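# Compute the structure for the input listed below.
(2 chains)
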Protein chains: 2
Amino acid sequence: MSEIGRSRPVLEARSKVDGTADYVINHFRHRMLHAAIVRSTQPHAVLAGIDSESARAIQGVHSVLTGQDVAQVIKDPYYGPAFHDQPILALDKVRYVGEPVAVVLAEERHVALAAAALVDVSYRDLPAVFDAVAACVEDAPQVHESLRPGAAFADLRHLAGVSGTNVALHTRLRHGDQDAAWVGDGQVFEHEYQTQQVAHAPLESHCAIAEFVRPDRLEVESGTQSPSFVRLELARLLGWRENQVRVMVPYLGGGFGAKLYMKLEALAVAAALIACRPVRVAITMDEQFFTISRHASTTRIRTRVDEAGRFRARAVDVYWNGGAYADIGPRVTQKSGYIAAGPYRIEAVSIDSRAVYTNRTPAGAMRGFGVPQMVFAHESHADEIASALGIDPIELRRRNLLADGDVHATGTRLESAATTEILELLSTKMRWAEEIDRGSGTVRRGRGVAIGLKAVVTPTTSAALVSLAGDGSVTVRQGTVDMGQGSATVMAVIAGQALGVPPEDISVLPPDTDATPYDMGTLGSRSTFHMGNAVLAAALDLKRQLAALASEMTGDSSGDISCSAGRVGGLTFEEIMTARHGAQAGTIVGYGSYTPRSVAPDPEMGQSPAITPFWMVGGAGAEISVDVQTGRIAVDRIVCVADAGVALNPDAARRQVSGGVVMQLGMTLSEEMQYEDGQLSNPGLALYKVPTALDVPREIEVCLIQHPHPDGPYGAKGIGETGTFAVSPAVANALADATGVRIRSLPLTAEKVLQGLHRRDGRRLE
Amino acid sequence: MSEIGRSRPVLEARSKVDGTADYVINHFRHRMLHAAIVRSTQPHAVLAGIDSESARAIQGVHSVLTGQDVAQVIKDPYYGPAFHDQPILALDKVRYVGEPVAVVLAEERHVALAAAALVDVSYRDLPAVFDAVAACVEDAPQVHESLRPGAAFADLRHLAGVSGTNVALHTRLRHGDQDAAWVGDGQVFEHEYQTQQVAHAPLESHCAIAEFVRPDRLEVESGTQSPSFVRLELARLLGWRENQVRVMVPYLGGGFGAKLYMKLEALAVAAALIACRPVRVAITMDEQFFTISRHASTTRIRTRVDEAGRFRARAVDVYWNGGAYADIGPRVTQKSGYIAAGPYRIEAVSIDSRAVYTNRTPAGAMRGFGVPQMVFAHESHADEIASALGIDPIELRRRNLLADGDVHATGTRLESAATTEILELLSTKMRWAEEIDRGSGTVRRGRGVAIGLKAVVTPTTSAALVSLAGDGSVTVRQGTVDMGQGSATVMAVIAGQALGVPPEDISVLPPDTDATPYDMGTLGSRSTFHMGNAVLAAALDLKRQLAALASEMTGDSSGDISCSAGRVGGLTFEEIMTARHGAQAGTIVGYGSYTPRSVAPDPEMGQSPAITPFWMVGGAGAEISVDVQTGRIAVDRIVCVADAGVALNPDAARRQVSGGVVMQLGMTLSEEMQYEDGQLSNPGLALYKVPTALDVPREIEVCLIQHPHPDGPYGAKGIGETGTFAVSPAVANALADATGVRIRSLPLTAEKVLQGLHRRDGRRLE
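The predicted model follows:
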């Protein structure tokens, strides 16, 4: 009986209900010190002095550490996955409000917090810049004195001609004849779209514990999505080898990209190194807003559409507001830059995508990795074109959509990408051919659709071990972090299917870099595909070894040993183990490693980059009601269509997509980190409104298209982020459909809708 | 440059000096309860009642648990590696003084201890038996109501005709024509030898911490020599699969067999299960004496020696005093029974070896696993024969010694066993041909030699993983427990040699059954050979994978890829990893598992068992001074010769042997667990005297014979226990040489020497 495609509860469901699920915040180490971070009150300033005397006088305070203290023990105390630009604690100057300036270590957390409030930091203010476009102006204040790219971004030639250091990366893509394609029949459309800076706000805030268990051996427990990266980066900071650093990760209470790469770990490690004691650094929900965010973006998009309604040329100019430190922003800029022109067949494409430093909370990876911002732009733009040309929005997309097998502007061919089917299924599920109820009274109803695609980060590697104990029980060791998406269950399904063992009987242990092979990270919807393949390879390696033993024992050398229901060649696993080892003993270990085959650029496309082993496609349709008296938008129905390859645990897959939908509705309708003179005015969930159960649309329909991906484990591919792609423009397009009001900046607040209605009606809002 | 055979400091040397070495006693878990054990005051009694009211009234006491409480949560709460006879806490009755009767759990250790003293246990005494020979008498008190053998000992047919249940195992070996060999020329000699019960006394006492991290997942941290067995046995007690149980082991502060199999773990687990909190059970040095010990033995040995001084027939009758619970005693009885007739070529051999229950502290494995007891008997006996026949002791041995290639009485052929060379080297190093200074005044000097051999426990399995990180650093995961013998260093040497990496750069991580493959246990000098082979196989598996990648990258498909100095085929490991994974990324894992080829019994020997993949041989010579006024023996010089195959870390190997010598000198001269009516009168190091630095002989010369063993990793084989084999009879023989006094029971105390001198001189000791 196949374990694939049967919906089942996630393995950890019970432990999450009974409270025994394991989170870092519940971990304690003997003699552990608690940290509280003193944060900058200024957006851009020289650090003039730090007076910690009163703080240190409090009973229970161990010490107060500054950037200078850190620099004493870590030679070059700057970290970051793309650029090594972020000091563990501020040195010389601060670059955003909330930047860690000092840390108080104390025996108890509440003592550390009380003392942190007494640390007196003096600043000499510098001019600051908060907007990405403004930061690119010649005489803008410079956030950094120099650029500090890591190895992958060391070549800065692409920045030739860019003035100053506010632009960390400028990705340029040119495809087709830029001059010729702009000339001809039809019209040219140009619009500018903006998205706002938003917060990840996982309900579990960040926490990291560090302990030097020996002078040459470090252990870190952290709620991180990327234990292998944290190990590598800590080894780099310490000048150590990777085999001296151990990073352990229990369950995560949500991540969404906020817990990728280094966050609190370096600070915990530096403090532990100085204090010679274990140190725990945990932050509050409010502090998350000063840690990491999603990039605000400004996108100018210009398209020539011919008389047949076909996109002939497109130019996209994107400014990503990366905040004060690069984090993974340059990679967001690059990868999302690639898809900024949308999933369309266009003769000539020009894309300019800039990672820009400003004096705000740093921005990094967040569910969709820049794609929701780009899809908001190109799909709002598509509807504006459709509306201007009087073409049905779905029909316009149908005429232009890249089909499976077509070559994308980057030169990468679409393979196993169900673009067309998604659009058509969306049309069907939205009952697009039928008219909808247009509302009555003060309520106007409308509908909209949108579609986007995303490349998977590549080349990246995952490796796994699947081992068999003397009693025949199976353990999977793999580094994908379960943060609610159900990855452990999916890995159990894959290993279970390969071995003929019920997934529920398999132990999938949490990541621990001492025991778990490398994984690039739990990000980019890559885990089911990449780690799934590694787990499958490891399980098959184990099975191969078992089959060889069974063949030896049974004398069946036909090479046709079957493996099902926990038996190989008719023998139970336990029987094989006992026969092989003379007792209930031994461990047989299967090992698997997966790096996708490299994707060669299409020869016709010349030098364009080959960017992904598979494409994720996501479409969404929205039906909304707008109260024209209040401007309030109510989303009545969302249809979301994703291409899952084969859904290994379908209900969980649908839940993951619908979770993405709800999160994206927050960004679409209400969420925005609000700044006044660089001061964030709404940190924390009391002021910053994420959707609650009451905000969820009455109907969210998630449809999974299932064409087995030839390279996926049992045909599966990633879908985790697809729910976020198209929601915002679908709602914005529905708003225009309902009211004729086009809003080009997120969020679509009641205020903006009212302003739009008044503008439409030639009135001024009082 | 070869890493093999170069002496180097053990890898953990620094951490043991600077105090950062990791021991279980330093581990803490959040909300952990501390246990104190209430122990039986009676050697054999019905448990009439346990009144814990006063104990429970103490502030900070969580609960007081009894055997009945344990039986509520663990259906069949009896454990043991050979027999499942030992209750986690006493049920119905107690069988020795010091048996755990109840356990107090409290927030602090000192509170638990104070409360434990208030638990009032009432007993109804039963007749008890303390001597193994007496316990075999028909109407002896029965320690157990019935036998509870585990799977390996389930066949009790060999006990047919044995009355009662005090004999747990009776091993019979018959080789050759029992009638014919006893008839003929020469003489028959018969003697009885006794060894005493002694304590292991590792300086780190036992400690175990248990926590149910989820209702279906158990973690145990324990100072155990056999993590894989503890996992298996805990799973059996709980009715769980092995993949639900995790056992972690840091460094051990000595083991010597005391920390083999289950000790405190089951109690910690039962208490954690009942209390729903982590529980730590730690004992004091005094309590070690009520936990496990070395078997006292009584050996009757009878030999026919022909006129040419050749042993023609030998019958050995052994009674092993196993105390109240079997522990691994039946295996000691069996394995050491096999070699009870000594390393000699004898036509007819008859051996009877009995594991006997008595009302004493249980006895189990201890450095040498019964061999020192047997060698004391057959080597004292050899010298008594030599003396009676007027043959030089070495010459007598020379005439009778099994040579390499000969078949042992068990039917197993001696292969790669340097018996002859050891005897000859011993003769040379002892300058046997020269006369020694015989002393002056009240001091008499003498010398003696002895030789013994030991089979390795088989078939047993070890498995290991050797993995490579993205930066080329190497990590070894293997389950041999480092308890001072330097095993981690040896594994690093083996992996380092295979990969061309300095051993000091390799991380050898401590055992953790979630991450480390199975190992049968750190015992029986098996680790270098068995685990060494597993680590070697894993390293070679890794190397094979690297060579395949290097071949792909360099285009060299000659199959002749070299691996040296951290390079494969001219590429560094890091270069291979980066090329393979497109970044500093990935893990390549090599896996190896080793079970020795089965040793077939020699066809000429018929049905005798095949018992070992290799033989360990150890010889010792002693020069001593005896003060005939006080009876005090001073050991002036010890020569110890062992067959190491190839010593991987020679200085450490020699230190291990000399450590064994000193420990065995304690048993030879001073150590004895003294009982009066079943009450142990000298528990703890204040009363029980182990050798200190001042007791170490001025000269201990350890000579390692190095003939590569064909199956050993780089030719190595085990030597760990060889230092203990021959020391006691060498000293006893030297005493006889010096004074003419033959003492047939250990220890050789001044009192016994004086008694012997007086007896010799026809005087009575006042």
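# how far is stretch A:453-472 from where the chain is centred?
19 Å (CA atoms, centre = their mean, to the nearest Å).
# just stretch A:179-189 next, same as before
Distance, stretch centre to chain centre, for stretch A:179-189: 36 Å (CA atoms, centre = their mean).
# Export it to CSV, keeping only CA atoms.
The C-alpha atoms that make up stretch A:179-189 are tabulated as CSV, following Å, rounded to 0.1, in the frame of the first residue of the first chain:
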residue,chain,number,x,y,z
ASP,A,179,15.9,48.8,-29.5
ALA,A,180,13.8,46.9,-32.0
ALA,A,181,11.2,45.5,-29.6
TRP,A,182,10.1,48.9,-28.4
VAL,A,183,9.3,50.0,-31.9
GLY,A,184,6.1,49.0,-33.6
ASP,A,185,2.3,48.9,-33.3
GLY,A,186,0.3,49.0,-30.1
GLN,A,187,0.9,51.0,-27.0
VAL,A,188,3.5,51.5,-24.3
PHE,A,189,2.2,51.3,-20.7
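# Residue A:537: what secondary structure?
Three-state call for residue A:537 (DSSP: H, G, I helix; E, B strand; the rest coil): helix.
# pLDDT score for the residue lying closest to it once chain neighbours are set aside?
Spatial nearest neighbour of residue A:537, excluding adjacent residues (CB to CB, 6 or more residues apart in numbering or on different chains): residue A:592 at 2.7 Å. C-beta here means a position set from N, CA and C on the backbone, and glycine is covered the same way. Looking at residue A:592, its pLDDT stands at 98.
# In contact with residue A:592, which residues are there?
A:463-466, A:533-541 (CB atoms under 8 Å, 6 or more residues apart in numbering or on different chains).
# Is it located within a strand, as I assumed?
Yes: under three-state DSSP, residue A:592 falls within a strand.
# so what does the strand or helix carrying residue A:577 touch, helix or strand wise?
Assigned by DSSP states H and E, residue A:577 belongs to helix A:573-581. Applying 3 or more CB pairs under 8 Å, 6 or more residues apart in numbering or on different chains; DSSP states H and E, we find helix A:573-581 packed against helix A:527-554.
# any idea of the mean pLDDT for the helix it packs on?
Computed over helix A:527-554, the average pLDDT equals 95.
# residues of it that come out buried?
Within helix A:527-554, the residues that count as buried by 16 or more other CB atoms under 10 Å in any protein chain shown are A:527-543, A:545-547, A:549-551, A:553.
# Please list all residues in contact with residue A:735.
A:446, A:448, A:624, A:626, A:633, A:741-743, A:748, A:753 are the contacts of residue A:735 under CB under 8 Å, 6+ apart.
# separation between residue A:688 and residue A:286?
9 Å (CB to CB, to the nearest Å).
# okay, the two: which has more neighbours?
Each of residue A:688 and residue A:286 has its neighbours counted (other CB atoms under 10 Å in any protein chain shown); residue A:688 has more, 23 against 17.
# and the stretch 1-150 of chain A, which of its residues are near chain B?
A:14-15, A:18, A:20-22, A:26-30 (CB under 8 Å from any CB of the partner chain).
# What about the residue of the stretch 301-450 of chain A found nearest chain B, how many residues nearby?
Closest contact between the stretch 301-450 of chain A and chain B, by CB to the nearest CB, is at residue A:331 (12.4 Å). Residues near residue A:331, counting by other CB under 10 Å, number 23.
# Would you mind confirming that it makes contact with residue A:82?
Yes: Residue A:331 is within contact range of residue A:82, at 5.6 Å (criterion: CB atoms under 8 Å).
# which residues do those two both contact?
Going by CB under 8 Å, 6+ apart, no residue sits against residue A:331 while also sitting against residue A:82.
# Who is residue A:302 paired with across the strands?
Taking DSSP bridges, one obtains residue A:190, residue A:315 as the residues bridged to residue A:302.
# Surely it and residue A:187 touch.
No: Residue A:302 lies out of contact with residue A:187 (CB under 8 Å); the separation is 11.0 Å.
# Lowest-scoring secondary structure element of chain A by mean pLDDT?
When the helices and strands of chain A are compared on mean pLDDT, DSSP states H and E, strand A:563-564 comes out lowest with a mean of 76.
# For residue A:715, see how far away the residue in chain A sticking out farthest from the centre is.
Residue farthest from the centre of chain A, counting by CA atoms, centre = their mean, is residue A:555 at 51.3 Å. Distance, residue A:555 to residue A:715, using CB to CB: 36 Å.
# again with residue A:315
On the measure of CB to CB, residue A:315 and residue A:715 end up 38 Å apart.
# These two: which is more packed in?
Neighbours were counted for residue A:315 and for residue A:715 using other CB under 10 Å; residue A:315 has more, 22 against 19.
# one step back: want to try JSON lines for the contacts of residue A:735, with distance to chain B as columns?
Conversion of those to JSON lines gives the following (distance: CB to the nearest CB, whole Å):
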{"residue": "A:446", "distance to chain B": "46"}
{"residue": "A:448", "distance to chain B": "40"}
{"residue": "A:624", "distance to chain B": "43"}
{"residue": "A:626", "distance to chain B": "48"}
{"residue": "A:633", "distance to chain B": "43"}
{"residue": "A:741", "distance to chain B": "47"}
{"residue": "A:742", "distance to chain B": "43"}
{"residue": "A:743", "distance to chain B": "41"}
{"residue": "A:748", "distance to chain B": "40"}
{"residue": "A:753", "distance to chain B": "46"}
